[in-house]
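Novice: no sequence for this one, just the structure:
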DNA sequence: CTCCTAATGTACGAACTAGTACGTTAGTTA
DNA sequence: TAACTAACGTACTAGTTCGTACATTAGGAG
């Protein structure tokens, strides 16, 4: 345990490390991996470029650390979700809405994921501890689907990961592709006035998919 | 009209220009705007870097030309779609499937769009003639929705652009986020064996959304 | 056949950028 | 309080990368 609430020292490894990570997250999210500048990250910190290499080793390792932290934060948020007290249909709608809100609140994370996909997840696959874990989100969906199936509200088996993909795709696209979509169709998907509309639409989409069969 | 079928000349402006565009598309799609190297593009061409500057003016203008061409090709493909002979539900499913197939067949385009969104569509908005046009895809959906509404198969009004977004989000995510999704959940969304599954799932999702109300 | 210009190639420069060698100091510990 | 080390700063380098000045030639016009 580190000494609690020490009056701000001039030298503080934890603070410096954390500050670099914070600034680097913004820079990488903003400009992508290749667009990000180590010098710019350093300049926005109270410390110097030397410290980036001292603590992280290099640009790539810093980026991996940024990814790791970003995913860890998402996981942590997912842990707190509780929808067991709701009936299956309401529960899955609620979960979709939470995902919707989460994407909206963390555009930086979305941008990092987009960037990482351009790089074919070559860095993410090096963030070892993250890869093996199965996320809490899937467990949650799995539980809801099982309840819905036994209750008979959900008409047939659906796979938890597939439903997660369906929800994520919708939420991710709205944030990630906001700019090209807005440019082409003249409609800002993130406009405040349409937020509720798109949130409801997502819930309807998922619930109707699960509670209905064709014809 | 240019002279038809001239035996390959040593100097051919059109051929050189086209070849640069072709190679540049791959490079930009592969590595993003900042990751792409002008020298690498030139090296993979039968001509030299000088010609890139001669014909396009610079890296950024070349990238804009690449975007412009990519979007134009998509538009052209959309023009050929004909689903008027199908009943509304089948038509919208068919349209979704065509979109699905199209995304799968053009991962380079998807990657360009991802890259462009990281750059907040700053280049796309400079590709003037593309922005103003309303895409044929929206017109198609609009028509299907109207038919479905009058027939009574589609239970309520839905907006064409919204439905387009819903379909695109699903198709786009499957291709664009393939790598991070695969790394985290250990499931390759582009695996051949699950292709039909995901294609059907999309169709079901859209049709059920349009033909059902809640409860 | 000659001339002219669009098209092409070569070689180079200026600016940027990741990374490092080397020197310094704060804060802890004995 | 002396000494030691983790933490930090400065100044530089090597390599890359976009862009261009300058030289050359193919091929059509007259």
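Specialist: Cool, got the structure. Remember, it's a predicted structure, so these values are computed and weren't measured experimentally.
Novice: check contacts around the closest residue to DNA strand D within chain A.
Specialist: Per CB to the nearest atom of the strand, residue A:13 is where chain A lies closest to DNA strand D, at 3.0 Å. (Glycine included, C-beta is placed from N, CA and C.) Listed by CB atoms under 8 Å, 6 or more residues apart in numbering or on different chains, the contact partners of residue A:13 are residue A:55.
Novice: also residue A:35?
Specialist: B:33-34, B:118.
Novice: redo those residues as CSV? Include pLDDT.
Specialist: Putting these into CSV (pLDDT from 0 to 100) gives the following:
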residue, pLDDT
B:33, 98
B:34, 98
B:118, 98
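Novice: could these be laid out in CSV, adding secondary structure and neighbour count?
Specialist: CSV is the format used below for the contacts of residue A:35 (DSSP: H, G, I helix; E, B strand; the rest coil; neighbours: other CB atoms under 10 Å in any protein chain shown):
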residue, secondary structure, neighbour count
B:33, helix, 23
B:34, helix, 16
B:118, helix, 22
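Novice: so which of those residues comes closest to DNA strand C?
Specialist: residue B:34 (8.4 Å).
Novice: what sits closest to the closest one if chain neighbours are left out?
Specialist: Among residues not flanking residue B:34 along the chain, residue A:34 sits closest, at 3.7 Å (CB to CB, 6 or more residues apart in numbering or on different chains).
Novice: excluding its backbone neighbours, what's nearest residue A:175?
Specialist: Sequence neighbours aside, residue A:110 is the residue nearest to residue A:175 in space, at 4.6 Å (criterion: CB to CB, 6+ apart).
Novice: list phi and psi for that neighbour.
Specialist: Per-residue torsions, residue A:110: phi -60, psi -40 (degrees, to the nearest 10).
Novice: for it, give me the pLDDT.
Specialist: Per-residue confidence at residue A:110 stands at 98 (pLDDT).
Novice: quick check, it in contact with residue A:174.
Specialist: No: taking contacts as CB atoms under 8 Å, residue A:110 lies outside contact range of residue A:174: 9.4 Å.
Novice: ok, residue A:92 to residue B:112 distance?
Specialist: 34 Å (CB to CB, to the nearest Å).
Novice: do residue A:172 as well
Specialist: Residue A:172 is 17 Å from residue B:112, by CB to CB.
Novice: do the same with residue A:29
Specialist: With CB to CB as the criterion, residue A:29 and residue B:112 are 20 Å apart.
Novice: repeat for residue A:160
Specialist: Remark: distance between residue A:160 and residue B:112 (CB to CB) = 32 Å.
Novice: the more surrounded of these two?
Specialist: Ranked by neighbour count (other CB atoms under 10 Å in any protein chain shown), residue A:160 and residue B:112 place residue B:112 first, with 24 against 18.
Novice: list the contacts for the more buried one?
Specialist: By CB under 8 Å, 6+ apart, residue B:112 lies in contact with B:25, B:28-29, B:66-67, B:70.
Novice: hey, which helix or strand in chain A has the poorest pLDDT?
Specialist: Across the helices and strands of chain A, mean confidence by mean pLDDT, DSSP states H and E is lowest for helix A:128-132: a mean of 69.
Novice: helix or strand next in line after that one, which one?
Specialist: With elements assigned by DSSP states H and E, the helix or strand that comes after helix A:128-132 is helix A:136-151.
Novice: other residues contacting that following helix?
Specialist: Counting by CB under 8 Å, 6+ apart, A:75, A:78-79, A:81, A:83-84, A:87-89, A:91-92, A:95, A:99, A:154, A:156-158, A:160-161, A:163-164, A:210, B:185 sit against helix A:136-151.
Novice: buried subset of those residues, written for PyMOL?
Specialist: Provided next is the PyMOL selection string for whichever of those are buried by 16 or more other CB atoms under 10 Å in any protein chain shown:
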select buried, (chain A and resi 78+83+88+89+91+92+95+99+154+158+160+161+163+164+210) or (chain B and resi 185)
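Novice: filter the contacts of helix A:136-151 down to the ones in helices?
Specialist: In helices, defined here by DSSP state H, the members of the contacts of helix A:136-151 are A:75, A:78-79, A:88-89, A:91-92, A:95, A:99, A:160-161, A:163-164, A:210, B:185.
Novice: tell me, which of these make contact with DNA strand D?
Specialist: When CB under 7 Å from any atom of the strand is applied, no member of those is adjacent to DNA strand D.
Novice: hmm, which two among those residues are most spread apart?
Specialist: In these, the most distant members under the criterion CB to CB are A:75 and A:89, with 26.1 Å between them.
Novice: so where is chain A shaky, pLDDT-wise?
Specialist: Where chain A drops to pLDDT under 70, the residues are A:1-8, A:131-134, A:215.
Novice: show me which residues of it sit near DNA strand D.
Specialist: Residues of chain A lying near DNA strand D (CB under 7 Å from any atom of the strand): A:11-13, A:15-16, A:46-51, A:54.
Novice: mind checking which of those residues are buried?
Specialist: Of the residues of chain A next to DNA strand D, these count as buried by 16+ other CB under 10 Å: A:16, A:47, A:51.
Novice: where helices are concerned, which of these count?
Specialist: A:16, A:51.
Novice: isn't residue A:163 up against residue A:206?
Specialist: Yes: at 7.0 Å, residue A:163 counts as touching residue A:206 under the criterion of CB under 8 Å.
Novice: any residues in contact with both of those two?
Specialist: With CB under 8 Å, 6+ apart, residue A:163 and residue A:206 have common neighbours residue A:92.
Novice: residues near residue A:173, how many?
Specialist: 25.
Novice: what do you get for residue A:152?
Specialist: Residue A:152: 8 surrounding residues under other CB under 10 Å.
Novice: equivalent analysis for residue A:76, please.
Specialist: 10.
Novice: ok, it to residue B:76 distance?
Specialist: As judged by CB to CB, residue A:76 and residue B:76 stand 47 Å apart.
Novice: also residue A:138?
Specialist: Residue A:138 is 40 Å from residue B:76, where distance means CB to CB.
Novice: what about stretch A:75-95, start to end distance?
Specialist: Terminal residues of stretch A:75-95 lie 14 Å apart, using CA to CA, to the nearest Å.
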